[in-house]
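Colleague: 3D model of this:
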Amino acid sequence: MAIRVFHDEIIRLRIAFALMVGALAFICMMLWRIQVARGHEFQQNLERQSIRRVRLPGLRGHIYDRNGEQLAANRPSHCIAIYLEELRQPGTWAKTVERIEGMVADLSDKLGIPPQLTRSEIEAHIKRRLPLPLLAWKDIDQQTLAKWAELASNTPGVDIYTEAVRIYPRGSTACHTLGYVGRATIAPDEGSYHYYLPEMAGKSGIERRFDALLRGEAGGQLMRVDVTGYRHHDAELEKLTREPRAGDDIWLTLDVKVQTLAEEALGDDPGAVVVMDPNNGDVLAIASTPGFNPNEFVPYISSSKWRQLVGDANKPLLNRAVAGAYPPGSTFKPVVAMAALENGKVSGNTHYECNGRMTLGNVVFRCAHGRAHGNIAMREAIARSCNVYFYHLGLACGHDAVSHMAAALGLGEKTGIDIDYEVPGLLPDEGWMRRMYGHGWSAGDTVNLSIGQGALTVTPLQMAVVTSALANGGIVYKPRLIMGLKAAEEEKFRAFPPQKVNDLKWSVERLSTVRNGLKDVIMSDHGTGRAAAVPGLVFAGKTGTAEYGRKDERKYRGWMIAYAPFEKPQYAIAMVVENADSGGSTVGPKLKKLLTQLFSPAEGKGEG
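Modeller: Have a look, this model is predicted:
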């Protein structure tokens, strides 16, 4: 019996041993499969999980004026950066945070600058951007940089980190045209990166309109992190960095000297001025006041400053040159005159009697200040800005002829300039009157249209285009603001040619009547624009005063358009001041100041 029991125990032991050997063999086989057969696959997965992709922004392109003056560029911003992988502490994250706080306090004492980092910012960086350097101080000045080099450059885990920051060397000059930049948002198609270095994006003006070109092409960097998330330097991996491509440079038609003079001429009064070359449509200056300093938006604008800008009653963010729509007043009269002449209803010798008023039905339409100009022809009517003459002129040719001429000159439509938020203004017609007021066009509407009042509105840029056409004989150009582009790898700019929109083929004789009237506005003793006259310079212009608001408020927009010199014009100008006594008395001296400087010997311009 004992022998049988012993025999059964031996069998059980042998079975247990076999099971143990089988289990051990299975374990060995699985280990071999994991570590040998599929080891390479798991190693790749591990490496992929330890690699982080960092998006590197391209260097933003520069913006230049027509003479190569920098209007928007980049400058190096030196920051003091902490590399957390070199300051990590064993144990909890709190120990590493305390170590960083101690390091910042020590550097603050050495460099004599107050700390900018808070504990919560350090903790947030550890949670979200651990492998990237933590910027303890941003955009330090040269004095601090020198102290760093002398006192703290050997501090472990701390170094100087340099990033590009947008700068506008001329401050507020051409601010509405250039626009400003702010922090970029992440595009949906770029979500494959783990981390994004700060990048600038255009928020208004040229910066926004051509943002894709200016930003260039982003690059990418690979970095390895360990199991805790700290960066682990891998020289071979970092060699795979794809360098970003710098953005394109933009060459504007603006002349910064003319731009500066235009802004100085406007002064502090809310208004706008546009200066064009009537021979090709180049925009030499486009100014709106008040303005702002785009440098205040870099890298971001403070909430208090933003509230100040948007709450300012004078609207400094509004580009009045393209987004301000105003009744043109008497600056519209040359358009009416050309419409009547080209329509064949009148000639330059057509006379009308002005006794200071015209009665239409039971409504009295007065001449400016109720003056009676007597029996006058077109040239004198333009010089004296006789409303009654133009009442008769508009009725003689009809509102359709006036509207067609205005539309041919580009009024009622956007010019297509490369600036955001341009408005088309309003060129009212019978259809518009029916939609708005439920009745058709009346003779009274024609009378108002003939002196640039009523529902008609234009922008200063549109009136500069009209003035250019009067100066060059009837060619309408699209305002050209972009002269060319240049990619980073290119040596020369690719030029954008001028674009003709329309050639009105005006009769030289008929145009001469209007042009001579415009010259008399400035050069004659009875001209309404004689306050703008510049000694030694013969040029043409037209004043305009447009009433707005309630009649009893007696509020006016003041206008002047001008081209100079009278023969072979170089400049076509439109200027508006929002709160004026009249075009001649308020805008005239400002135009005189601008033209005096434009044709001064220092500017190298001859006299007309």
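Colleague: count of residues packed around residue 146?
Modeller: 12 (other C-beta atoms under 10 Å). Where you see a C-beta, it was placed from the backbone N, CA and C, and this is true even at glycine.
Colleague: so where does it fall, helix or strand?
Modeller: Using DSSP states H and E, residue 146 sits in helix 142-147.
Colleague: which strands and helices sit next to that helix?
Modeller: helix 93-111 (3 or more C-beta pairs under 8 Å, 6 or more residues apart in numbering; DSSP states H and E).
Colleague: buried stuff in the helix it packs on?
Modeller: Neighbour counts over helix 93-111 (16 or more other C-beta atoms under 10 Å) mark 96, 97, 99, 100, 103, 104, 107, 108, 111 as buried.
Colleague: mind giving me the domain split of this protein?
Modeller: 52-87+95-252, 256-294+317-603 (automatic domain parsing).
Colleague: ranking those domains by mean pLDDT, which is last?
Modeller: Lowest mean pLDDT within these: domain 52-87+95-252, a mean of 81.
Colleague: Show me how far that domain is from its chain's centre.
Modeller: 23 Å (C-alpha atoms, centre = their mean, to the nearest Å).
Colleague: and what of stretch 579-596?
Modeller: Distance, centroid of stretch 579-596 to centroid of chain: 27 Å (C-alpha atoms, centre = their mean).
Colleague: Give me the buried positions along that stretch.
Modeller: 580, 582-584, 586-588, 590-596.
Colleague: I'd like to check what contacts it. Which residues are they?
Modeller: Here stretch 579-596 makes contact (C-beta atoms under 8 Å, 6 or more residues apart in numbering) with 261-262, 264-267, 269-270, 273, 275, 329-331, 528-534, 537, 539, 541, 543-545, 555-560, 562, 564, 571, 573, 575-577.
Colleague: which ones are touching the most centrally placed residue in the chain?
Modeller: What sits nearest the mean C-alpha location of the chain, by C-alpha atoms, centre = their mean, is residue 205, with 1.0 Å. Applying C-beta under 8 Å, 6+ apart to residue 205 gives the contacts 175, 176, 177, 178, 179, 180, 319, 419, 420.
Colleague: mind redoing it with 6 Å?
Modeller: 177, 178, 179 (C-beta atoms under 6 Å, 6 or more residues apart in numbering).
Colleague: Disregarding flanking residues, what is the spatial nearest neighbour of it?
Modeller: residue 179 (2.1 Å; C-beta to C-beta, 6 or more residues apart in numbering).
Colleague: same thing with residue 541?
Modeller: Using C-beta to C-beta, 6+ apart and skipping residues adjacent in sequence, the residue nearest residue 541 is residue 562, 3.5 Å away.
Colleague: Look at the one you found and give its secondary structure.
Modeller: strand (DSSP: H, G, I helix; E, B strand; the rest coil).
Colleague: so after the helix holding residue 146, what's the next helix or strand?
Modeller: Once helix 142-147 ends, the next helix or strand along the chain (criterion: DSSP H and E) is strand 158-167.
Colleague: which helices and strands does that following strand pack with?
Modeller: Strand 158-167 is packed against strand 70-82, with contacts defined by 3 or more C-beta pairs under 6 Å, 6 or more residues apart in numbering; DSSP states H and E.
Colleague: Now the strand it packs on: buried residues?
Modeller: Residues of strand 70-82 classed as buried under the neighbour-count rule (16+ other C-beta under 10 Å) are 70, 71, 72, 73, 74, 77, 78, 79, 80, 81, 82.
Colleague: how about the strands in the stretch 151-300 of the chain?
Modeller: 158-167, 181-183, 195-196, 200-202, 219-225, 231-232, 249-252, 271-276, 283-289 (DSSP state E, counting those that start in this stretch).
Colleague: So for residue 485, which of those sits nearest?
Modeller: Closest approach to residue 485 among those (C-beta to C-beta): strand 249-252, 6.0 Å.
Colleague: before we move on, back to that, just put the contacts of residue 205 in JSON lines and tack on distance to residue 387 and neighbour count.
Modeller: Conversion of these to JSON lines gives the following (distance: C-beta to C-beta, whole Å; neighbours: other C-beta atoms under 10 Å):
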{"residue": "177", "distance to residue 387": "35", "neighbour count": "27"}
{"residue": "178", "distance to residue 387": "40", "neighbour count": "24"}
{"residue": "179", "distance to residue 387": "40", "neighbour count": "25"}
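Colleague: Can you flag which of those belong to helices?
Modeller: Among the contacts of residue 205, DSSP state H puts 177, 178 in helices.
Colleague: Show the contacting residues for residue 70.
Modeller: With C-beta under 6 Å, 6+ apart, residue 70 has these contacts: residue 169.
Colleague: ok, 8 Å please
Modeller: 62, 63, 64, 169.
Colleague: Name the residues linked to it by a beta bridge.
Modeller: residue 64 (DSSP bridges).
Colleague: ok, now which ones touch residue 373?
Modeller: Applying C-beta under 8 Å, 6+ apart, the residues contacting residue 373 are 354, 356, 367, 380, 381, 384, 386, 388, 389.
Colleague: No further questions, thank you.
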